[in-house]
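Visitor: Kindly generate the corresponding structure for this input.
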Amino acid sequence: MSGIDVGNGVVGAILGVVFATLFQQGLQDVWFRIRRRSAGVMRSITFREQQGGAWMAFALGPLHTSALIVDGDGGAVIPPESVHIQVLDGDIELPAEMSAWRDEIAAEEDRVREAGERASVWNGPRYAVESFEVSRTALDEHAEIHLRLRPTDYYTFLAAQQLDRRLADGSTPRARYLDPDQPLTAPAFLQCSFGVNIAVVTADHLLVVSHRSDRVRMAPGVWNSSVNEGLSQHIDSAGRNAPDLHAAARRGMREELALEPHEFSLSLLGFVLDVEKRAWSAHFYARLNDMTGEQLQTRMSRGVADRWEHQGMEYVPFRTVDVTRYLLRPDRIHRWAPVAPALFHLALVHVHGRTSVERAEAQVVRRL
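Guide: Numbering: from 1, shown residues only. All right, here's what the predicted structure looks like:
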């Protein structure tokens, strides 16, 4: 072998090592960049998964509620014939420990009555929610609501509301029986409340807002929907028939605002679950045909069946900007019943349209 061949071999070997090193470093750099970008993508996906859950409670800027809009967007009205209600046989049974809490409530009310004091609650017959399901019609995809109820009473409801009370093992009913990732899944004994909430707008375009009495047992002193009425076995179910939600809403209008069915139109806009208290609600919009806000006040001054439930009413111009500002007022924002802001939003969308409402709400929030 000549000296030239040897020299060429050495040079080739050196160049090979250099190129191999550079190529390997290049691969490492490329791999590092790929890993870094992949990690960024994974972080982005993870972030979206954490922040973009399918079920999120209603919020409006700094106002956050526990009201989950399960069905309805305000745009479409749910007709009465699309709501199918079945009442199951057999009353709700509480677990043994929680049943003892109900006994405590009953004993205290008996003591109060025997002492001649004013009882704080009446153990009226109510309904618990066994299940709530939504399906769509084949042709027009309209909602079909299937609601299964089971009999219960108010004492059971009060016991079940103690979701954060400690059980014998140190856990709570909320921790033991509820899955925060499955908000629509819960045992019926924790869902002993179904009611109607109505946003009432007068003929001169004023939204009626109620201020709950400080004397009521549940949610005293908060600002609420125009009308709030719980379903009653005794009143809303004739014989063994299932309750009619529209009829319950009309009863609420009569008992709380002294209004008769011919004086307003009624539209069912959606169904909402208060995930904090496990309370279900049908959300309605009612428009008074001819009665103004002043005339409504005059009517109520002549007598209302359930006047004791409220300590006052306020009237807000039913424009998105005005209602949104009212919801976000510093003296209101933390004093709302959980489902009221969502109800008013759905009513606004029903009347003014989603695009207009969301644009106006965003403008108000930006100016806070």
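Visitor: When you work out contacts or count neighbours from here on, use the C-alpha atoms and nothing else.
Guide: Fine.
Visitor: Next, count neighbours for the nearest residue to Val275 once chain neighbours are set aside.
Guide: Using Cα to Cα, 6 or more residues apart in numbering and skipping the chain neighbours, the partner closest in space to Val275 is Ser66 (5.6 Å). As a burial measure, Ser66 scores 20 neighbours (other Cα atoms under 10 Å).
Visitor: Quick check on Ser66: phi, psi?
Guide: Here is the backbone geometry of Ser66 (degrees, to the nearest 10): phi -100, psi 20.
Visitor: cool, and the one 4 residues further on?
Guide: Val70 has phi and psi values of phi -80, psi -40 when expressed as degrees, to the nearest 10.
Visitor: Show the pLDDT at it.
Guide: On pLDDT, Val70 comes in at 96.
Visitor: Identify all contacting residues around the helix or strand that contains Thr152.
Guide: Per DSSP states H and E: Thr152 is located in strand 143-153. Outside of strand 143-153, the residues within contact range by Cα atoms under 8 Å, 6 or more residues apart in numbering are 78, 82-92, 123-137, 188, 192, 233.
Visitor: tell me which strands and helices the next helix or strand after it is in contact with?
Guide: Sequence order places helix 154-160 as the next helix or strand after strand 143-153, per DSSP H and E. Using 3 or more Cα pairs under 8 Å, 6 or more residues apart in numbering; DSSP states H and E as the contact definition, the elements that helix 154-160 packs against are helix 96-114.
Visitor: Which other helices and strands does the helix it packs on contact?
Guide: For helix 96-114, the contact count by 3+ Cα pairs under 8 Å, 6+ apart identifies helix 154-160 as packing neighbours.
Visitor: Spit out the contact partners of the residue nearest to Val275.
Guide: Ala57, Phe58, Asp274, Val275, Glu276, Pro338, Val339.
Visitor: From the chain's centroid, how far away is the strand holding Thr152?
Guide: On the basis of Cα atoms, centre = their mean, to the nearest Å, the separation between the geometric centre of strand 143-153 and that of its chain is 17 Å.
Visitor: Neighbours of Arg367, how many?
Guide: By other Cα under 10 Å, 6 other residues sit near Arg367.
Visitor: Arg325 versus that one, what's the distance?
Guide: According to Cα to Cα, to the nearest Å, Arg367 stands 10 Å off from Arg325.
Visitor: Phe258 reaches Val304, doesn't it?
Guide: No Phe there; residue 258 is Ala. Yes: Ala258 sits in contact with Val304 when judged by Cα atoms under 8 Å, with a separation of 5.6 Å.
Visitor: between the two, who's got more neighbours?
Guide: Under the neighbour definition other Cα under 10 Å, Ala258 and Val304 were set side by side, and Ala258 has more, 19 against 15.
Visitor: Just the pLDDT at the more buried one, thanks.
Guide: Per-residue pLDDT puts Ala258 at 94.
Visitor: For it, which residues are in contact?
Guide: Residues near Ala258 by Cα under 8 Å, 6+ apart: Arg299, Met300, Gly303, Val304, Ala305.
Visitor: cool, Val87 as well?
Guide: Contact partners of Val87, counting by Cα under 8 Å, 6+ apart, are Arg148, Leu149, Arg150, Pro151, Ala242.
Visitor: any idea which of these has the most stuff around it?
Guide: Using other Cα under 10 Å as the neighbour criterion, Leu149 leads those with 27 neighbours.
Visitor: Okay, buried residues for stretch 360-368 please.
Guide: For stretch 360-368, the buried set under the neighbour-count rule, 16 or more other Cα atoms under 10 Å, comprises Ala360, Glu361, Val364, Val365.
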